[in-house]
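In: how would this look folded up:
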Amino acid sequence: MEKNSRTRTVLLLTFLVIVWGVNWPLSKMALNYTPPLLFAGLRTFLGGLILLIFAIPRYKQLRLKETWHFYVVSAVLNIIMFYGLQTVGLGFMPAGLFSAIVFIEPVLLGIFCWIWLGESMNGLKIIGLILGFAGVAVISTGGFTGDISAIGILLALGSAIGWGLGTVFVKKTGNRVDSLWMVTLQLIIGGIFLSCVGSSFESWSSIEWRLPFISNLLFISIFVIAFGWLAFFTLVGSGEASKVGSFTFLIPLIAIICSSFLLHESITINVVIGLLFIVFSICLVNMKTKTQKVKAQIDL
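Out: Model (predicted):
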């Protein structure tokens with residue numbers, strides 16, 4: 001895959017952080033009209049169907065007999081574990097604490113990329129990843145109220161691990177499968193599985209098909225799920241996955257800002273302090289050391 005231009009990369013990152021950030025308050029609003037697992041299945045399945053329209057003309061790149069297992073593994077990690085465990089886990093503990101644990105993912109991703117993809121790991125990057133997670137934790141401390149469930153913590157960790165491993169898996173298999181088909185089929189497979197599980201524990205008749213829910217569902221399915229995942233894996237495929245992951249630390253910040261407008265939630269000093277941590281984190285993770293600069297000059 002060709003490297004994105006700097007402008008295109010910035011645009012994709014901006015789009016991704018904004019739509020994945022606004023997804024949290026929109027999903028919270030949508031859950032007033034639907035059971036969680038059925039909602040998770042619906043939005044991912046619809047997102048997959050939308051991308052299928054663009055993927056069908058590339059049917060020759062599918063090679064399903066040789067590559068089906070890649071799509072299944074990606075669906076298990078990126079959709080079933082990430083969305084499934086996340087949706088269930090939010091019922092066990094405060095959303096702030098839960099999201100803080102889930103967003104340890106960039107730290108895990110940096111470690112996974114170092115181990116399995118051979119991406120560089122230096123002191124600055126390690127400090128940056130830790131600062132980023134600390135920033136998310138500071139921002140989310142407002143949600144550290146109520147009972148803290150061990151099951152909730154395990155589900156949040158499982159969600160983060162699934163997302164981190166799934167990102168590394170897609171990056172590692174990028175030259176063996178078509179990227180558009182990978183995103184499309186992982187969404188369809190994961191969506192069908194979550195819908196089936198949801199059908200076993202929840203009732204479709206509980207869904208209130210009102211305009212607020214339908215508009216949220218369509219926005220999330222199209223922009224957050226379909227084009228959001230496509231943008232994420234496009235970025236991961238064109239650069240260091242751990243550096244792309246560092247920018248996802250901004251997502252909880254966007255979520256809180258959007259929640260203040262949509263759900264009238266207050267913005268505290270914690271958000272400002274957390275933002276400073278996150279900005280320093282992204283700078284450190286993306287900063288090139290002298291060794292890397294010399295190596296880049298040699299390669300040129």
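
In: which ones are touching residue 220?
Out: Shown in contact with residue 220 (CB atoms under 8 Å, 6 or more residues apart in numbering): 23, 26-27, 30, 43, 47. From N, CA and C alone the C-beta is placed, and that goes for glycine too.

In: what does the pLDDT read for residue 83?
Out: What the model reports as pLDDT for residue 83 is 88.

In: three-state assignment of the closest residue to it other than its chain neighbours?
Out: Spatial nearest neighbour of residue 83, excluding adjacent residues (CB to CB, 6 or more residues apart in numbering): residue 40 at 4.8 Å. Under DSSP: H, G, I helix; E, B strand; the rest coil, the three-state class of residue 40 is helix.

In: what's the pLDDT at residue 14?
Out: pLDDT, read off for residue 14, is 91.

In: same thing with residue 273?
Out: Model confidence at residue 273, given as pLDDT, is 81.

In: hang on, it packs against residue 137?
Out: No - at 10.6 Å, residue 273 and residue 137 do not qualify as touching, with contact defined as CB atoms under 8 Å.

In: of those two, who's got more company?
Out: Set residue 273 next to residue 137 and count neighbours by other CB atoms under 10 Å: residue 137 wins out with 21 against 15.

In: roughly how far does the more buried one sit from residue 152?
Out: 16 Å (CB to CB, to the nearest Å).

In: and residue 85, by the same measure?
Out: In this view, residue 85 and residue 152 are 10 Å apart by CB to CB.

In: mind checking the end-to-end distance for stretch 110-124?
Out: From its first residue to its last, stretch 110-124 covers 12 Å (CA to CA, to the nearest Å).

In: any idea how far that stretch is from the chain center?
Out: Relative to its parent chain, stretch 110-124 has a centroid offset of 19 Å by CA atoms, centre = their mean, to the nearest Å.

In: tell me the mean pLDDT for that stretch?
Out: Here stretch 110-124 scores 82 as its mean pLDDT.

In: only alpha carbons, please: show the helix or strand containing residue 197 as PDB.
Out: Assessed by DSSP states H and E, residue 197 sits inside helix 179-201. What follows is helix 179-201, C-alpha atoms only, in PDB (Å, rounded to 0.1, in the frame of the first residue of the first chain):
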ATOM      1  CA  SER A 179      -8.000  -4.200   2.700                       C
ATOM      2  CA  LEU A 180     -11.500  -3.300   1.700                       C
ATOM      3  CA  TRP A 181     -12.700  -6.900   1.800                       C
ATOM      4  CA  MET A 182     -11.000  -7.300   5.200                       C
ATOM      5  CA  VAL A 183     -12.900  -4.400   6.800                       C
ATOM      6  CA  THR A 184     -16.200  -5.400   5.000                       C
ATOM      7  CA  LEU A 185     -16.300  -9.000   6.000                       C
ATOM      8  CA  GLN A 186     -15.100  -8.500   9.500                       C
ATOM      9  CA  LEU A 187     -18.000  -6.200  10.100                       C
ATOM     10  CA  ILE A 188     -20.500  -8.500   8.400                       C
ATOM     11  CA  ILE A 189     -19.300 -11.600  10.300                       C
ATOM     12  CA  GLY A 190     -19.000  -9.900  13.600                       C
ATOM     13  CA  GLY A 191     -22.400  -8.200  13.100                       C
ATOM     14  CA  ILE A 192     -24.100 -11.500  12.400                       C
ATOM     15  CA  PHE A 193     -22.500 -13.100  15.400                       C
ATOM     16  CA  LEU A 194     -23.400 -10.300  17.800                       C
ATOM     17  CA  SER A 195     -27.000 -10.200  16.400                       C
ATOM     18  CA  CYS A 196     -27.400 -13.900  17.000                       C
ATOM     19  CA  VAL A 197     -26.100 -13.700  20.500                       C
ATOM     20  CA  GLY A 198     -28.200 -10.700  21.200                       C
ATOM     21  CA  SER A 199     -31.300 -12.500  19.900                       C
ATOM     22  CA  SER A 200     -30.700 -15.200  22.500                       C
ATOM     23  CA  PHE A 201     -30.700 -12.800  25.400                       C
END
